[in-house]
Each structure stands twice: as C-alpha cells, then as structure tokens.
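Asks: All I have is the shape, not the residue letters:
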C-alpha cells in the first residue's frame, strides 16, 4: 500500500549548510497491517510522514501509495491523516470541521452526518459537538483530529503521534480505535515513541534513527533475544551509536 | 471548483466568527457617525464632504479587513500548520490558494456591503438635511460605480496579500510588503506622469525605472473614483473599462504567480 | 496529471498577460494625458485639520501632496480659475504640513505668480517659507521680486530685499539692490540688476525667456535714455519721436525691441 524507495531528504541550515533528515530509506507497508514507526526524537519520523503527505518534497527517491506517486492529489482520497499536535480552524465546531473534511473528500451530507455522529460518540466528544474547537482541551483537540482523519473512512490512516497529549483514558480509547481499524482491514501507519502502545497494536514496526532505518519487520523478530520491545529498542539504538563513534 | 468553494466557505465562516470583523465594523460605524458630525463642520459643499468621507470609510474598513484579518487567516494557516488538515484532503495547492483568495475576498466584499449600506445611509441623511448642497450632477449610479471600483482595488490588494504570504515565511513581512505595494500602487501614477513630462537626459534611467514600476504595480489610483462621485464629475467609461481589465488580469496574474510559488514551497 | 495542469496554468498566464498588456497600455494612454486631478489631493480638509490628522507623518504627506502639485503644474494644461484655487489650497496644506519645504516655495513662485497671477496668495505662502527657513534668503528675495515686478510696489520690494539681505548666506549685492530700489524708485539699471539676479534662480525655460526679454527691453531703454540725454545736450530740445535720434545722427540705429514692436516715446519717457 505504501512504498518508500530510496528516500533522501536534506534540510538546509543557514545559507550553505545542510543536514540529512532521511537517508536512503526503503520501506513497505502492506495492505491491512498496522505498522508502527519508531524512533527517538529527531529521528526523521515526521519528515517521512510529511513526504508521504506531499507537504515536502524528497531530494531523492519517491513515495508511492497504491503505485501512484504521492504528488497526485487524488491519492489523498485514500488517506486519513492526523498531524502531530493538530491545530484546526478553531472558530469552527467539531461538527463543522468534520463536515468540511467529509465534503473535501467527496462525501455526501447524509453520510457525513451519520459518520460524524458515530465517530464523536466513539471518541467521547458528543457533548462538545456544537462547541467551537478553541474551547477544547488539548486531549479533546487530539481526539477531534483523529475523528477528522477518519471521517471519510479512509483505506490508509497515517497518524503522527496519535497518543501524545492524551490522558490514560483517552489513550485507551485511541488504542482501541486503531485496533479496530486494523481488524476491519484498514492499513494504519503510525509513529510513536511510546513503545508499549506499539508493542500492543502493531503487526510490524520500523525503527528509524538519524534518518536511517535500523530495523523493519515483525516485533517478534526484534524481541527474540530480549525480554520486551523497550530493551530491544534501547539495545538497537545503543549499538548504532557505537557503530557511529 | 467544488473544492475551491468549500475552502472559500470555510475560510469565510472562520473569518466571520472572528471578532475582529465585528471590531472593524464597529469602528467603521463610529466613523460614519463621525462623518455626520464632521460634515456639519463644513459650511460649503456638505454633500461633497459626506460622499468623500463615506467612500473613504468603506475603503478604510476594507483595508483593515485585509490587513488585520484576511492576511491573518492565511498566514496563521501556514504558521500553525492548520494547512495540514486541508492539504491532507484531495485538495491541490492551486485549489487551496484560489479558495483562500475567494474566501478572503468574500469577507472583504461583506465588509464593503455592510459599510456601503451604513455609508449610503449617512450620505442620504446629510443630503436630506442639506438639499441645497447636493452637487449638480451627483447620482447614485456614480456613487455605486465608485464603490464597485474601490472593491476591485481591494481585491487586487487581497491577491497581493496572498502572494506575499506565500512568498515569505513571516506574516509580519507579508503585511509590510502588502502595505508598501499598496502605497506604491496609489502613487505610481502621479510619479509616472511627473517623469513623463520631463525631457531631461539626466532623468533617463530614473524615467525608465518609473515606467517599469508602473507596469509591475497595479494602478490603484485608476480605481479611485471618490472625487468623481463626490463632485458628480463625468466618469470616462472607456477608462473605466480598461481599468477593470487591468485590475482583473492583474489579480489573475498575481494568483498564478502565487500558485506556482506555493506549489514549490515546502510546508515543514 | 501534473503536465496537464501545468499547461493549463501556462495558457491561463498567457491569456491574462495579453489582457493585462492591452488593458494597462490603453489605461496608460488614457490616464497619462489626463489632467492631474487636483480636487482629489486638495481635499476638503483645511490645512490645519490636515496637520492634526497627519500625526507623525506630516513630512511624508507633504511630500505626496507636492508630487500631486508638481504633476499638475508639469502637465502644462490650461488651468481654470478653479484649478488655481485648488492648487493654492494644496500649497497651503503642504506648507502647513512642512513649512520648511524648499521645493514647495519654488513651485509656488513658478506657478502661482507667473502662471496664475495670484500674487497675493503666492506672497502669503512665500512669507510662511521665509519665516520658517531663517537661513534661506531666497523666499524673501522672491517676495521682493514679486512686489517689484508684478505689483509695482518698489517700497515693499525694497523692504523685503533688505530683510533678505540680512540672512547670513545672502549675496552681497542684495543690500545694495535694496538700497537703490528705495532711493531711486523705478530706475532702469536697478531693474536690470534685479532681473539678472532673478535669472540666476530660475530653471523654467519659459520664465527665463520672459525675464531675458524684459532685460533686453530694459537695456534698449537704457541705450535710448542715454541717446535722448545727449540729444538734449546737443540740440537743446527733446526729440519728438525716436526716429529723430537717427535722423540727426545721435545713434546709428534703434536697439531691437524683444517684444516685436518699436519702442515709443511718450513725453520724455521711452516705452517698450
């Protein structure tokens, strides 16, 4: 479903300097799997996601979705996206926001209405459906973002740090939702640095460090020798550091 | 097209709910009341003064809508990354730019309409109070033509505001550049006329530069029919037609440049 | 998909460019020759009100208004009495905003006195400049000139020149000129000196021609006055007409009159 080939991206520093954010990345996410994208802060996870969403352009390589290049706007009919720390047109209410999202993705009004109702109910936001989003707490905004990403029932969900800013209850709610998405045959690609979530939800994981993919595969492949994902992750990053130094 | 309308409507809704518009309108209504009081300080040509002041109030509130709110609506989108939730949809960047232009334009037109009604009221009131001073050739057609022309000049500024927002990464810089362009557009014509009259060799380079500037910047003075409306002067229809074409094609070109630039911009 | 949209953008751009070029060049054609609209700039505001409203941008507003004034004056269009009225108001506004503005009083002198013949207004405005620009003798000089040349009031002219000559940078001749104006009102040679001093300060070709012609005519009178004096000494009577001077061999020919008509003699006075 998502295919990333030889992806490289530099960021400019000042006038001349540049730093590499993503380094020759190859990655494939298969249809119907929940893929966890791991890595310490600044590893380049968000950069990859922004390239998949066509917000920024790679310097080398390409990202394809269902064999179509991501620069094609029609690709985004298939995508549901939740940005990191999402912000919205905050003078709109949750209902209006979801209506905008649904209309932009080509849904008709009645189906938007039923879908909105179901999603807000599911994410425990029904009580605030008619309030402007600027009155929301951080956790509520995060959940509205998730509802917006899912309103058109996308085949592929790309979620950047979906758990951040949520209380334990909210996290549980979102985790269950991701779990359901996976079971209903949707492809989910989400980044996180909360390992326990990944361990519980994902079929496969990719671990990114300093722009390079250190590991890609089933969690069992990573945790074979270790007790759990956390120690496996730390060991992997640690070994990489040794190699570099 | 559907996407553009949707985005325009959302931008419009977001703008309308913003209290700034309310503030601008309140401010403008106060100016209209002031207009009534102010006009009475003149013993001659009361109607001329009230038409002038009324049209100016419309212009000012249009400008304030653009600078305080319109530009904010787009700059905030880029600053706070709210643009992600738009571009994550099957909406192309060109559609985004055009949708924003349309939405902000609708807001400006709303401000002009509301203020137009208030200003027309205050003009009418003054004329009822002092019928002796109505300019001999005054007509509401001319007044409305002036309103239409000033609306078009406001839309030109909206397109420039969009271009500069796309061009720079700082919203402050974008506002500054738009204001400068506005000032140049207002005065380029007078300077152009001035240098065309001189035949001195020493001015040659300067003259060329001014002529180039008069092609690069919109001729906003051509859309200023306030005096014509105030004195009931004859409005040259041909000049009006060419001004209209100049303005509309200028907006189109600026939006195309904005689209091309925006397509290349990285939204980090 | 991308290629298609790129072509579409290109086609749209070309079409718009064609419309823009025709529209703008036609607009320029029409508006370049339009008379600068003075009513717009010389707006309804009394100068003092404008000064209050301009806040800290008085100088800038003054500059902008001056461009309007200059554009109007430079357009060489036949101005109506109403236009001059507006221009006068515009200058009042400019000088209220920025009483130090040099170009403003220059323009006042060249337009309001020479073209509009509104000497009263011009002198009022020049007085503002003179009072503000205490280091500048020129506004006072212009004032003196206007009294002398346009208003035939040599006494006031002398007074203004005397004031101007007290400015430290004033040329030395100014005081002498003032003194001579006071003593021998209307003497030709004084007028010539005065006009030649004025000629130095004028850039406008038209006005220079006017002054040069006047100087030439006055020089002609100077020659004729001398001739009449020697005629009287030789023959004991005054000539009846100027041709007598040639007929009786006092001078070879009459000087050329720049005003394309012969000099005439009225009583003992030569006129051009």
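Replies: Looks like it came in fine. None of the values given here were measured: they were computed from a predicted structure.

Asks: next structured bit after the lowest-mean-pLDDT helix or strand in chain C?
Replies: Of all the helices and strands that make up chain C, helix C:38-41 has the lowest average by mean pLDDT, DSSP states H and E, namely a mean of 58. Sequence-wise, the next helix or strand downstream of helix C:38-41 (DSSP states H and E) is helix C:47-54.

Asks: Report all helices and strands that the next helix or strand after that next one contacts.
Replies: Counting by DSSP H and E, the next helix or strand C-terminal to helix C:47-54 is helix C:58-74. The contact analysis (3 or more CB pairs under 8 Å, 6 or more residues apart in numbering or on different chains; DSSP states H and E) places helix C:58-74 against helix B:171-197, helix C:38-41, helix C:47-54, helix C:81-97, helix C:102-107. Using the backbone N, CA and C atoms, a C-beta is placed for each residue, glycine as well.

Asks: Of the ones you listed, which is nearest chain A?
Replies: Checking those against chain A by CB to the nearest CB gives helix B:171-197 as the closest, at 15.3 Å.

Asks: and that closest one with chain A, contact?
Replies: No - Helix B:171-197 stays clear of chain A (CB under 8 Å from any CB of the partner chain), getting no nearer than 15.3 Å.

Asks: Now do that helix and helix C:58-74, the angle between them.
Replies: 30 degrees (axes from the mean of the first three to the mean of the last three CA atoms, to 10 degrees).

Asks: and whatever helix or strand comes next after helix B:171-197, how far from the chain's centre?
Replies: Per DSSP H and E, the first helix or strand lying C-terminal to helix B:171-197 is helix B:204-216. Here helix B:204-216 shows a centroid-to-chain-centroid distance of 24 Å under the convention CA atoms, centre = their mean, to the nearest Å.

Asks: For chain B, just list every one of the helices.
Replies: For chain B, applying DSSP state H gives helices covering B:2-17, B:19-39, B:46-64, B:71-79, B:83-87, B:93-129, B:140-167, B:171-197, B:204-216, B:226-231, B:237-264.

Asks: any chance you could map the helices in chain A?
Replies: Going by DSSP H, chain A shows helices at A:45-52, A:94-104, A:109-122, A:138-150, A:168-183, A:195-201, A:219-223, A:229-244.

Asks: average pLDDT for the third one?
Replies: Confidence over helix A:109-122, taken as the mean pLDDT, stands at 91.

Asks: For it, could you pull out the residues that count as buried?
Replies: For helix A:109-122, burial by neighbour count (16 or more other CB atoms under 10 Å in any protein chain shown) applies to A:112, A:115, A:116, A:119, A:120, A:122.

Asks: number of nearby residues for the nearest residue to residue B:110 once chain neighbours are set aside?
Replies: Once flanking residues are discounted, residue B:110 sits nearest to residue B:16: 7.5 Å by CB to CB, 6 or more residues apart in numbering or on different chains. Using other CB atoms under 10 Å in any protein chain shown, residue B:16 has 14 neighbouring residues.

Asks: Quick check: residue B:16 vs residue C:106, distance?
Replies: As judged by CB to CB, to the nearest Å, residue B:16 and residue C:106 stand 53 Å apart.

Asks: What confidence value was assigned to the spatially most central residue of chain B?
Replies: Nearest to the mean C-alpha position of chain B, by CA atoms, centre = their mean, lies residue B:154 at 1.3 Å. Note on residue B:154: pLDDT of 95.

Asks: next one: residue B:13
Replies: So residue B:13 comes in at 88 (pLDDT).

Asks: and the nearest residue to it once chain neighbours are set aside, what is it in contact with?
Replies: Nearest residue to residue B:13, sequence neighbours excluded (CB to CB, 6+ apart): residue A:92, at 6.6 Å. By CB atoms under 8 Å, 6 or more residues apart in numbering or on different chains, the contact set of residue A:92 is A:100, A:132, A:133, B:10, B:13, B:14, B:17.

Asks: Just put those residues in JSON lines and tack on distance to residue C:213 and neighbour count.
Replies: As requested, the contacts of residue A:92 are exported to JSON lines (distance: CB to CB, whole Å; neighbours: other CB atoms under 10 Å in any protein chain shown):
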{"residue": "A:100", "distance to residue C:213": "79", "neighbour count": "25"}
{"residue": "A:132", "distance to residue C:213": "80", "neighbour count": "17"}
{"residue": "A:133", "distance to residue C:213": "81", "neighbour count": "21"}
{"residue": "B:10", "distance to residue C:213": "74", "neighbour count": "22"}
{"residue": "B:13", "distance to residue C:213": "73", "neighbour count": "17"}
{"residue": "B:14", "distance to residue C:213": "72", "neighbour count": "23"}
{"residue": "B:17", "distance to residue C:213": "73", "neighbour count": "17"}
